[in-house]
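Asks: sequence and predicted structure, then a few things I'm wondering about:
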Amino acid sequence: MKGFLERLQWKLAGMMQGRRGADTLSSFLMVVGIVLLLVSIVPGLDVLSWVALIALAYALFRSYSKNVAARDRENAAFERAVEKPRRRLSLARKAWANRKTTRYFTCKGCGQVLSVPRGKGTLRVVCPKCKTESTMKS
């Protein structure tokens, strides 16, 4: 049995040689496909199972594709599209974790997110990006 599994591992590695493999977009499509399959169990949402299968099939196509340059371009476009929401989510998590010690606000000049310690009274804050001064109550 051990020899069979070793040969299988080598054959799978040989099959994947020169292929893209899983990337961020493929992983996202897999998760979306699985979630849609689970949601399609609800009566009346049968169409979602077809959409889920299409998403899963496209994710597998991307993973096994030998056209690495095209898949890299698609993945880079996806990364650019999700960059802002990912940054906002990260900042929201950070603000929630530090909500008792830190107050966050945005600069009126450039939109940069700034933080000041809570409970220090009224502070004069200078934005490090655009050098705009503002007075904030912490």
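Replies: Nice, thanks for sending it over. What you are looking at is a predicted structure, and each value in this text was computed from that prediction instead of being measured.

Asks: ok, Arg118 - how many residues close by?
Replies: Using other Cβ atoms under 10 Å, Arg118 is surrounded by 13 other residues. Backbone N, C-alpha and C define where each C-beta goes, glycine included.

Asks: what does Lys137 show for phi and psi?
Replies: phi -90, psi 130 (degrees, to the nearest 10).

Asks: Phe105 too?
Replies: Residue torsions, per degrees, to the nearest 10, at Phe105 are phi -150, psi 170.

Asks: in the sheet, who's paired with it?
Replies: Leu114 (DSSP bridges).

Asks: list the contacts of it.
Replies: Neighbouring residues of Phe105 by Cβ atoms under 8 Å, 6 or more residues apart in numbering: 113-116, 136.

Asks: report the buried members of those residues.
Replies: For these, a neighbour count by 16 or more other Cβ atoms under 10 Å gives the buried set as 114-115.

Asks: just the contacts of Phe105 now: which is nearest Arg99?
Replies: Ser115 (11.2 Å; Cβ to Cβ).

Asks: list the buried residues of stretch 61-73.
Replies: Quick answer for stretch 61-73 (16+ other Cβ under 10 Å): 62-63, 71.

Asks: just the CA trace of it, in PDB.
Replies: Output of stretch 61-73 as PDB, limited to C-alpha atoms (Å, rounded to 0.1, in the frame of the first residue of the first chain):
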ATOM      1  CA  PHE A  61     -10.100  25.100 -14.700                       C
ATOM      2  CA  ARG A  62      -8.000  27.900 -13.300                       C
ATOM      3  CA  SER A  63      -6.000  25.500 -11.000                       C
ATOM      4  CA  TYR A  64      -5.200  23.000 -13.800                       C
ATOM      5  CA  SER A  65      -4.600  25.600 -16.600                       C
ATOM      6  CA  LYS A  66      -1.200  25.600 -18.200                       C
ATOM      7  CA  ASN A  67      -1.600  29.200 -19.400                       C
ATOM      8  CA  VAL A  68       0.100  30.700 -16.300                       C
ATOM      9  CA  ALA A  69       0.400  34.200 -17.700                       C
ATOM     10  CA  ALA A  70      -3.300  34.600 -18.300                       C
ATOM     11  CA  ARG A  71      -4.100  33.200 -14.900                       C
ATOM     12  CA  ASP A  72      -1.600  35.500 -13.200                       C
ATOM     13  CA  ARG A  73      -3.300  38.500 -15.000                       C
END
